[in-house]
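1. mind folding the following:
(4 chains)
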There are 4 protein chains.
Amino acid sequence: MIVVLRPNLPPEEIDKVVAEVAKLGYEPRTIRGEVQTVIACIGDEQTHRPLETLVAWPQVETVLRVQKRYKLVSKEARKEPTVVTVNGQKIGAGQPFCLMAGPCSVESEEQLMTTARAVKAQGATILRGGAFKPRTSPYEFQGLGEAGLKMLAAARAEFGLAIITEVLAEKDVDLVASYADVLQIGARNAQNFALITAAAKTGKPILLKRGLSMRIEEWLLAAEYVLSNGNPNVLLCERGIRTFETYTRNTLDLAAVAILKQETHLPVIVDPSQGCGRADLVIEMCKAAAALNADGLLVEVHPNPAEAWSDGQQQVDFERFAQLSQSLKPFVAAVGRPA
Amino acid sequence: MIVVLRPNLPPEEIDKVVAEVAKLGYEPRTIRGEVQTVIACIGDEQTHRPLETLVAWPQVETVLRVQKRYKLVSKEARKEPTVVTVNGQKIGAGQPFCLMAGPCSVESEEQLMTTARAVKAQGATILRGGAFKPRTSPYEFQGLGEAGLKMLAAARAEFGLAIITEVLAEKDVDLVASYADVLQIGARNAQNFALITAAAKTGKPILLKRGLSMRIEEWLLAAEYVLSNGNPNVLLCERGIRTFETYTRNTLDLAAVAILKQETHLPVIVDPSQGCGRADLVIEMCKAAAALNADGLLVEVHPNPAEAWSDGQQQVDFERFAQLSQSLKPFVAAVGRPA
Amino acid sequence: MIVVLRPNLPPEEIDKVVAEVAKLGYEPRTIRGEVQTVIACIGDEQTHRPLETLVAWPQVETVLRVQKRYKLVSKEARKEPTVVTVNGQKIGAGQPFCLMAGPCSVESEEQLMTTARAVKAQGATILRGGAFKPRTSPYEFQGLGEAGLKMLAAARAEFGLAIITEVLAEKDVDLVASYADVLQIGARNAQNFALITAAAKTGKPILLKRGLSMRIEEWLLAAEYVLSNGNPNVLLCERGIRTFETYTRNTLDLAAVAILKQETHLPVIVDPSQGCGRADLVIEMCKAAAALNADGLLVEVHPNPAEAWSDGQQQVDFERFAQLSQSLKPFVAAVGRPA
Amino acid sequence: MIVVLRPNLPPEEIDKVVAEVAKLGYEPRTIRGEVQTVIACIGDEQTHRPLETLVAWPQVETVLRVQKRYKLVSKEARKEPTVVTVNGQKIGAGQPFCLMAGPCSVESEEQLMTTARAVKAQGATILRGGAFKPRTSPYEFQGLGEAGLKMLAAARAEFGLAIITEVLAEKDVDLVASYADVLQIGARNAQNFALITAAAKTGKPILLKRGLSMRIEEWLLAAEYVLSNGNPNVLLCERGIRTFETYTRNTLDLAAVAILKQETHLPVIVDPSQGCGRADLVIEMCKAAAALNADGLLVEVHPNPAEAWSDGQQQVDFERFAQLSQSLKPFVAAVGRPA
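-> Numbering: from 1, shown residues only, chains lettered A, B, ... in the order given. Okay, here's the model as predicted:
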């Protein structure tokens, strides 16, 4: 930590801050600059108390952190990329590009089965589908609950696809984990640490979506909650952040893919459906995600988006999904992934 | 709902959209403009399915909502202001200005008791203090848990202050409700509908903080989850939104107070501590909140902020809190509230 | 400047960075922490080249600034508050609260004269009115130009009000300065340094609006362009920043008032009309601005907002302006300003 | 325009609004819904006055636009893509991918010539270099001015590269246009309509950067200022928007590329240097831009970024630029562009 003092402090005031730094367990080193004095505080920031509280003192202008706040998710902690295995399929750097697809909400057995068949035919290996839906309004469709989970299990049995579905409540974690192959933590729960911890403890792989206005550092720290609870299998899913732009529902932050590839060993997935909120942009954004060497995609697909029970505007139909799958191939090849 | 069609559509394409609108349960009225045709869709948007899904069709350019999405929280649903009673104290329009204060985290009995005494002496009637703390990093202090709740109860017994404290997990709702007079739902859980619903069902008053990047409409809909679960006692707490500005931790959106006073009958509280993240701005922002006729404040107070276990940079000490309390008086008087 | 090195660097790599720091004119002091080494670089950051460029080197993780970037606008440069005098009226700390009001656009002599009479009757001392209008679309009304300036001059002659009006183009600076008492630089030109410099050189007071997504630091640096061009008379005008919220056109950042009062000696004005984009919020936000001890207001007033040629939704009519003026009085009194 | 009335209005109040709509030149059609009445207002929104002003009336809840606000830049106005020719090189849909590269600032003849040689060797056809620099602080390097322009002209003469450089001031437009092949309007001037208009009138191609927090609609309307001033040669350049994320300087909004390809016939360029503010992300973001079928790139390249006079942290060196150029090839091929 670096404590920056206000300009023109008398020496006895500087000494008081130095003493407080020492009291808080750091070794202080005072550096007198031409205009301002700073105190470099030696000590591991991850095991000592943070010093930002010192700005409560009138002598202190600001406190600057030096170290990164995350540990287990960082490349310092693990040099090789994490490969998450889901029903035998490997996801991560150097592995085949992973296509997860399916409806926003599970609506009926027919809807789910026809979609499962369609996405499998185009190369998807994991079926998505919401059984518990987080809805902004209590009056909107909240999902079929366990009936939806059973339909997902039936689709797995019939098509051999793995299942990813969102868990919304601590009380449902065991239920959902008993059906799903991957537990999804949604953007609205990205800092619901009670839910994240409960999900982590099931041992199932966790797909952790980025929160609506979450900094990458915060997202990695949320993942740190999973790893520090003994579960190494996290997929980070970029799904857009909230900005002032109104032509899209969210702004898909594709630079996050490149940053995560530098900062962490965890696999990175892109969700272009939530990420833009517009079906007509999905194919293009998937190409960009593949070019950035993302490890996979999470795409919403519906047999008839205009009559979907939720978020029809961002779901692609079967024809567009087929086009998507085909048009991705040269980009996946260009980054050198195995087919 | 208004369905806006793309320019220059042939009549038979317009007819297809009209038929789909009727199929989805609305009565369509086609209006041919000079450049574009729109279909006004007659039907209660709160009981019919939303039509935004129709943008999945190539004929449709956009779909515009007409009605507001919230019901029970609106002034149409209830003309008189809601007054929430906490341990006999009334909070809401026309009631005395409510001062809630106390430490960010409960750290020890001594810390809590001295703070309780100090804030009570300055007119606070509700004591805040975190026993369960949502922390960005798993390595930061997570709160004392039930031990902290017991200390809060002891402070209530000694000083006659009501208690507000945050609940973070569904599994802790009953425990926290057995100690607290008001349950706080924090910004990170503002769309954790499972937690909100569980808290609502305890019947205790709920203080619902605005999420980090939550639109006012979404916030009112989150409150709608409480009311629609049978609990009318909600306090809405503005605590800043996330923006690009770096001189403050959040941008306190004081216009939200004025908007909420128009849109809803629920009381509005302002949290200037989280709202700016800087103790040196707290007094000024409290004055502004009082001038806007907010119904109360939630202020973080600590005996020694520089050594606080969490968020010391935004906590005021006792001297500054006394100054705050005194300096508020003319502003509270100016809006015509009873003393 | 503090140069933070990557963890686990061999000494010879640290030495290379130290040598480069010295080459760039700073005196380097190396501090070896438990995890990471930092180099404190002694030298005035305002006269030396910034070192952020060093992140181009693989050894460097990040570079942290210590000093503030602005000089003349800071309280270090000038301890007493700046008082700007406009036609004999003093604006600034300790001076009477300044009410600037008038239509968004000058539309006609009748419109302007009736408005000038109405705002003067309610205590306004400066008349605003746009003769050159920055419009998002080239097809919208662009202002009456010099004809509008003449009407403003006529209103000054008749009512004794000073005149503030926006200047949009370098080529119009002398023309506008020949009519106006205060030159307004609008939000869209807040970093148009050529225009700011040209306006500064007229010697007229400059009202500098905050840009649409301008950090406070950047705003102060834009004001620094005025002062460093020899013009000390700057009014900083908060007018809202762009966020994701849609119930208001902008989010009025009232904490900026409190921050500017700490950081600078320059007067601070609040524009609640642009700041919210909604006439129904203007009175409330003016009360809050007065409570924060802003030095004045810039309010849009129109005889018939529903038929205004620009931005009618944010202009108040005469009745509401009278109500505004009256309702402000107790708040202005509460902060201890002279009447 | 659609005027949405407040719920439960008496008929005579509705009639007043209808009459006002007619007075303002639109043909009103009243549609009584189950809960709220709306008035569809028939009339070309691009030639009539906007009706948003009607929210000034208490009867009106909101006013919704139907038509898009831009004309000449839209695909309705021109079906075929615009191809901008710069020194014989064609830029736009179906043309070869255009690589513009060079230093942030022109610093010396040697710096510019070595860079020009290096970027040409890797396939760049247009040389960028700032001679007039918009700097946040007046104390930072402001560019070499005309001396820099002369160096750019010398580089063109020697290497046959076309020249793009920024123009900052109306008074410099003719000077800059006498040297440059493309005039760049920077992000800070993206709504400086006086400068845009002056630049447009030179007849030179204009590269128009997106503003720091500009909506796509506003950006297209800024381009409309160029086209409506008789200059059809506009390149739109995405360079990131301002968000809360701190790991990047800006958030590069790559969805904007896909949206612009739908909305306009103008070519789209991506600037990954400003867009992320980090040299280590440039190559990855260039791949994504190519995958999205952008028409070209604007990349900052410097012989020694650590000693650059401006923005060294986002400039790539020659080795990385060579790597960039080579690694782009499969992505450019994958979208089917000619080599």
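2. contacts only, for A:Cys177.
-> Cys isn't right for residue A:177; it's Ala. Contacts here follow C-beta atoms under 8 Å, 6 or more residues apart in numbering or on different chains; on that basis A:Ala177 touches A:Val167, A:Leu183, A:Ala199, A:Thr202, A:Lys204. Using the backbone N, CA and C atoms, a C-beta is placed for each residue, glycine as well.
3. among those, which are located in strands?
-> When the contacts of A:Ala177 are checked against strands using DSSP state E, the ones located there are A:Leu183.
4. residue contacts, A:Glu307?
-> A:Glu307 sits next to B:Leu24, B:Thr53 when contact means C-beta under 8 Å, 6+ apart.
5. pick out whichever of the contacts of A:Ala177 sits closest to chain C.
-> When those are compared for distance to chain C (C-beta to the nearest C-beta), A:Val167 wins out at 26.7 Å.
6. please flag which of the contacts of A:Ala177 sit within helices.
-> A:Ala199 (DSSP state H).
7. helix, strand, or coil at A:Glu158?
-> Using DSSP: H, G, I helix; E, B strand; the rest coil, the three-state assignment for A:Glu158 comes out as helix.
8. for chain B, tell me whether stretch A:210-221 is touching it.
-> Yes - applying C-beta under 8 Å from any C-beta of the partner chain, one finds stretch A:210-221 touching chain B at A:Gly211, A:Leu212, A:Ser213, A:Glu218, A:Leu221.
9. which residues touch A:Ala199?
-> If a contact means C-beta under 8 Å, 6+ apart, then A:Ala199 has A:Val167, A:Val173, A:Ala177, A:Leu183, A:Ile185, A:Ile206, A:Val226 as its contacts.
10. ok, for it, nearest residue in space, not its chain neighbours?
-> Nearest non-adjacent residue to A:Ala199, counting by C-beta to C-beta, 6 or more residues apart in numbering or on different chains: A:Leu183, 4.9 Å away.
11. ok, what's across the strand from that neighbour?
-> With DSSP bridges as the criterion, A:Leu183 is bridged to A:Thr165, A:Ile206.
12. is it in contact with A:Val176, as I believe?
-> Yes - look at A:Leu183 against A:Val176 with C-beta atoms under 8 Å: they come within range, at 6.3 Å.
13. which residues do these two both contact?
-> Taking C-beta under 8 Å, 6+ apart as the contact criterion, the common neighbours of A:Leu183 and A:Val176 are A:Thr165, A:Val167.
14. tally of neighbours for A:Gln326?
-> Other residues within reach of A:Gln326, judged by other C-beta atoms under 10 Å in any protein chain shown, total 12.
15. what's the nearest residue to it if we skip its chain neighbours?
-> Using C-beta to C-beta, 6+ apart and skipping residues adjacent in sequence, the residue nearest A:Gln326 is A:Gln122, 7.9 Å away.
16. looking at per-residue confidence, what score does that neighbour get?
-> With respect to pLDDT, A:Gln122 has a value of 98.
17. thinking again about what came up before, tell me how far the residue nearest to A:Ala199 lies from A:Ser273.
-> Counting by C-beta to C-beta, to the nearest Å, the gap between A:Leu183 and A:Ser273 amounts to 19 Å.
18. which one of those two has more residues nearby?
-> More neighbours sit around A:Ser273 than around the other of A:Leu183 and A:Ser273, counting by other C-beta under 10 Å; the figures are 29 against 26.
19. next up, phi/psi of the residue nearest to A:Gln326, please.
-> Backbone torsions for A:Gln122, taken as degrees, to the nearest 10, come to phi -100, psi 10.
20. same check on A:Leu235?
-> Backbone dihedrals for A:Leu235, given as degrees, to the nearest 10, come out at phi -110, psi 120.
21. count of neighbours near the residue nearest to it when sequence neighbours are not counted?
-> Spatial nearest neighbour of A:Leu235, excluding adjacent residues (C-beta to C-beta, 6+ apart): A:Leu207 at 4.4 Å. When counting by other C-beta under 10 Å, one arrives at 30 neighbours for A:Leu207.
22. and if you look at A:Leu168?
-> Count around A:Leu168 with other C-beta under 10 Å applied: 26.
23. can you tell if stretch A:291-305 touches chain D?
-> Yes - with C-beta under 8 Å from any C-beta as the criterion, chain D is reached by stretch A:291-305 at A:Ala291, A:Leu292, A:Asn293.
24. in the sheet, who's paired with the residue of the stretch 51-200 of chain A found nearest chain C?
-> When distances are taken as C-beta to the nearest C-beta, the stretch 51-200 of chain A reaches nearest to chain C at A:Leu64, 4.8 Å away. In this entry, A:Leu64 is beta-bridged to A:Ile2, by DSSP bridges.
25. hang on, isn't it packed against A:Ile2?
-> Yes - A:Leu64 is within contact range of A:Ile2, at 4.3 Å (criterion: C-beta under 8 Å).
26. need the contact list for the residue nearest to A:Gln326.
-> For A:Gln122, the contact set (C-beta under 8 Å, 6+ apart) comprises A:Leu99, A:Ala101, A:Phe321, A:Ala322, A:Leu324, A:Ser325, A:Gln326.
27. so what's the nearest residue to A:Lys75 once chain neighbours are set aside up against?
-> For A:Lys75, the nearest residue in space outside its immediate sequence neighbours is A:His265; the separation is 5.7 Å by C-beta to C-beta, 6+ apart. Under the criterion of C-beta under 8 Å, 6+ apart, the contact list for A:His265 reads A:Val73, A:Ser74, A:Lys75, A:Ala77, A:Arg78, A:Lys79, A:Glu80, A:Pro81, A:Thr82.
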